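*Asks:* Provided below for reference: sequence and predicted model.
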Amino acid sequence: MDDYKKNSLSLTGAVALGTGVMIGAGIFALLGQVAELSGVLFPLAFLVGAVISGFSAYAYIKLSNAYPSAGGIAMYLKMAYGPGTFTAAGSLLMAFSMVIGESLVARTFGAYTLQLFDVEENSIWISILGVLLLVIAFLINISGNKVIGRTSLMMAVIKIGGLVIFAIAGLWAAGFSFGEALPSSISGDYATYSYIGALAFTILAYKGFTTITNSGGEIVNPTKNVGRAIIISLFLCTLVYVLVALAVSANLSIPETIAAKDFSLAEASKPAFGKYGLWFTVGIAIVATISGVIASIFAVSRMTAMLTEINLIPHKHFGMTGRLQKHMLVYTVVIAILLTAFFDLNRIASLGAIFYLTMDVLLQWGVLKNLRKKINVNSAIVITAILLDLVVLGSFLWIKASSDILVIIVTLVLMVLVFAGERWFLRSTNEENI
């Protein structure tokens, strides 16, 4: 693996990595689930999700300006809480959220690809194709930074351009009738907490901006460009998400969107592109999901390698040779493969949303409590970010407790294991060093 060098990543490259993670999962994997919870208002849910993510991003931008580092979120948590349980556990929650996101994207890749063939909706081929994508992404990641950067940039241009074309064509086919896309009346079939819970999925669709913080050690002029890359990525993704959601809403009813769910974009493309719509949309989905997985694996392996180097998580070589990050690539991909093989899209997304929101609250609170004066943050913005996260997380947990209690149980068990395991590991490590 190539060494990471200062000034080796441009602002454009950082934006490409950020949008690579976001657009790889968000609009393809989550649109149907957002529509299921928010009905006709699902395009607005993506816009509100962007606003909430913007409040959260404020702290990350201030942190990146003060402490540009390849460790990203793990380093920020360390600055806020020190090298202890909260830092290690919070970093692992973020890492697991990203690995879960990789599985989500991998299964989305399988679901969309199978639209080209006469295959059953819940075919085992979804898992097989998802696993194949993860293997390909692993091979690209071990090829070196230059290959990763060029691949991410090329795919970012293709998928963003393709989605914009899809959105404009879809709105054109509907006669640019925004009245259809955003009805004036709201259905009474959805409770308030359901609308709010939908925001958990939209926030998950934007969380890829956090991977840009891992580029702090390599990006040109990091004290300025990491923050700029975050802002640009969020703006681009908001524009793409809202346009695409409006196009889908204008061409499909809510029942049709929910029925299509994992491949709603493919269904919505038919009025504009006819029989070629499926091929066009699947092509964009394949490019988007591939780039999303590549960028996410890249970011997770870097963060977990840094955690290992500063002795915050355990590590075993299992006979592997080479750089530590290569080992973390292997572990990341193996876990993602297991999730891809045995979990469905809905549960994968739910776990990822809960883990991410929990981690974000931890980080925002650490900034407010311990770093407020050091990095000169506006406390009101950080407090607002925390409150918004808690409201969305609480509503989402209520929905899952009512409809899929297994997700809550699995989430609680995993969180207890992460915090208890880290506490035990750090205590045992400290005792050995005495």
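*Replies:* Sure, I can see it.

*Asks:* Just confirm residue 379 contacts residue 371, I think it does.
*Replies:* No: contact criterion Cβ atoms under 8 Å: residue 379 and residue 371 do not qualify, at 11.1 Å. (Each C-beta comes from the backbone N, C-alpha and C, glycine too.)

*Asks:* who's more crowded, these two?
*Replies:* residue 371 (22 against 11; other Cβ atoms under 10 Å).

*Asks:* Look up how far residue 364 lies from the more buried one.
*Replies:* As judged by Cβ to Cβ, to the nearest Å, residue 371 and residue 364 stand 10 Å apart.

*Asks:* Likewise for residue 58?
*Replies:* For residue 58, the distance to residue 364 - Cβ to Cβ - is 9 Å.

*Asks:* Residue 374: what secondary structure?
*Replies:* With DSSP: H, G, I helix; E, B strand; the rest coil as the basis, residue 374 sits in coil.

*Asks:* ok, it touching residue 66?
*Replies:* Yes: contact criterion Cβ under 8 Å: residue 374 and residue 66 qualify, at 7.1 Å.

*Asks:* And residue 219, its phi and psi?
*Replies:* Phi and psi for residue 219, reported as degrees, to the nearest 10, are phi -70, psi 140.

*Asks:* list the contacts for it?
*Replies:* 7, 9, 10, 11, 13, 14, 68, 225, 226, 229 (Cβ atoms under 8 Å, 6 or more residues apart in numbering).

*Asks:* nearest to residue 172, of those?
*Replies:* Taking Cβ to Cβ as the measure, residue 172 lies nearest residue 229 of the contacts of residue 219, at 31.9 Å.

*Asks:* The closest one and residue 290, how far apart?
*Replies:* Using Cβ to Cβ, residue 229 is found at 21 Å from residue 290.

*Asks:* between those two, who's got more neighbours?
*Replies:* residue 229 (29 against 23).

*Asks:* neighbours of the nearest residue to residue 75 once chain neighbours are set aside, just the number please.
*Replies:* Closest residue in space to residue 75, ignoring its immediate chain neighbours: residue 69 at 4.2 Å, by Cβ to Cβ, 6 or more residues apart in numbering. When neighbours are defined as other Cβ under 10 Å, residue 69 has 21 of them.

*Asks:* three-state assignment of residue 69?
*Replies:* When classified by three-state DSSP, residue 69 comes out as coil.

*Asks:* Do you know the pLDDT at it?
*Replies:* Confidence at residue 69, expressed as pLDDT, is 70.

*Asks:* Please look at it and residue 78 and confirm they touch.
*Replies:* No: counting by Cβ under 8 Å, residue 69 does not reach residue 78; the two are 9.4 Å apart.

*Asks:* From residue 155, how far out is residue 54?
*Replies:* From residue 54 to residue 155 the distance is 25 Å (Cβ to Cβ).

*Asks:* More neighbours: which of these two?
*Replies:* Ranked by neighbour count (other Cβ under 10 Å), residue 54 and residue 155 place residue 155 first, with 24 against 19.

*Asks:* I'd like the next helix or strand past the one helix or strand residue 36 maps to.
*Replies:* Element membership of residue 36 [criterion: DSSP states H and E] is helix 11-38. Downstream of helix 11-38, the next assigned helix or strand under DSSP H and E is helix 42-66.

*Asks:* same question for that following helix, mean pLDDT?
*Replies:* When pLDDT is averaged along helix 42-66, the result is 91.

*Asks:* From the rest of the structure, what touches whichever helix or strand comes after that helix?
*Replies:* Going down the chain from helix 42-66, the next helix or strand is helix 73-81, by DSSP H and E. Identification of contacts with helix 73-81 by Cβ under 8 Å, 6+ apart yields 60, 63, 67, 69, 71, 86-87, 90-91, 94, 210, 213-214, 216, 303, 306-307, 310, 312, 359, 362-363, 366-367, 369-371.

*Asks:* now with 7 Å?
*Replies:* Contacting residues not belonging to helix 73-81 are listed as 63, 67, 69, 86-87, 90-91, 94, 210, 213, 303, 306-307, 363, 366-367, 370-371 [Cβ atoms under 7 Å, 6 or more residues apart in numbering].

*Asks:* following that helix, which helix or strand comes up?
*Replies:* As assigned by DSSP H and E, the chain's next helix or strand after helix 73-81 is helix 85-113.

*Asks:* Give me the helices and strands touching the next helix or strand after that next one, please.
*Replies:* Remark: after helix 85-113, the chain's next helix or strand is helix 125-141, criterion DSSP H and E. Here helix 125-141 touches helix 85-113, helix 145-173, helix 277-309, helix 324-342, going by 3 or more Cβ pairs under 7 Å, 6 or more residues apart in numbering; DSSP states H and E.

*Asks:* ok, residue 58 and residue 364, which is more surrounded?
*Replies:* A direct count of neighbours by other Cβ under 10 Å for residue 58 and residue 364 places residue 364 higher, at 27 against 19.

*Asks:* and that one, that one's in a strand?
*Replies:* No: with three-state DSSP as the criterion, residue 364 is assigned helix and is not in a strand.

*Asks:* just checking, it touches residue 384?
*Replies:* No: judged on Cβ atoms under 7 Å, residue 364 makes no contact with residue 384 at a distance of 9.6 Å.

*Asks:* Residue 207: what's it in contact with?
*Replies:* By Cβ under 7 Å, 6+ apart, residue 207 lies in contact with residue 356.

*Asks:* and if we set it to 8 Å?
*Replies:* Residue 207 sits next to 21, 22, 53, 97, 101, 356 when contact means Cβ under 8 Å, 6+ apart.

*Asks:* Tell me where the model's unsure across the stretch 151-300 of the chain.
*Replies:* Along the stretch 151-300 of the chain, the parts satisfying pLDDT under 70 run over 151-152, 174-189, 215-217, 261-262.

*Asks:* now do 50
*Replies:* Along the stretch 151-300 of the chain, segments meeting pLDDT under 50 are nowhere present.

*Asks:* With just CA atoms, put stretch 399-419 into CSV.
*Replies:* Extracted in CSV, the C-alpha atoms of stretch 399-419 (Å, rounded to 0.1, in the frame of the first residue of the first chain):
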residue,chain,number,x,y,z
ILE,A,399,-40.9,3.3,15.4
LYS,A,400,-38.5,0.3,15.5
ALA,A,401,-39.7,-0.7,18.9
SER,A,402,-43.2,-0.9,17.5
SER,A,403,-42.5,-2.5,14.2
ASP,A,404,-39.2,-4.4,14.5
ILE,A,405,-38.1,-4.9,18.1
LEU,A,406,-35.2,-7.2,16.9
VAL,A,407,-33.4,-4.2,15.5
ILE,A,408,-33.5,-2.6,19.0
ILE,A,409,-32.4,-5.7,20.7
VAL,A,410,-29.4,-6.3,18.3
THR,A,411,-28.5,-2.6,18.6
LEU,A,412,-28.5,-2.6,22.4
VAL,A,413,-26.5,-5.8,22.6
LEU,A,414,-23.9,-4.6,20.2
MET,A,415,-23.5,-1.2,22.0
VAL,A,416,-23.1,-2.9,25.3
LEU,A,417,-20.5,-5.3,23.8
VAL,A,418,-18.6,-2.3,22.3
PHE,A,419,-18.5,-0.2,25.4
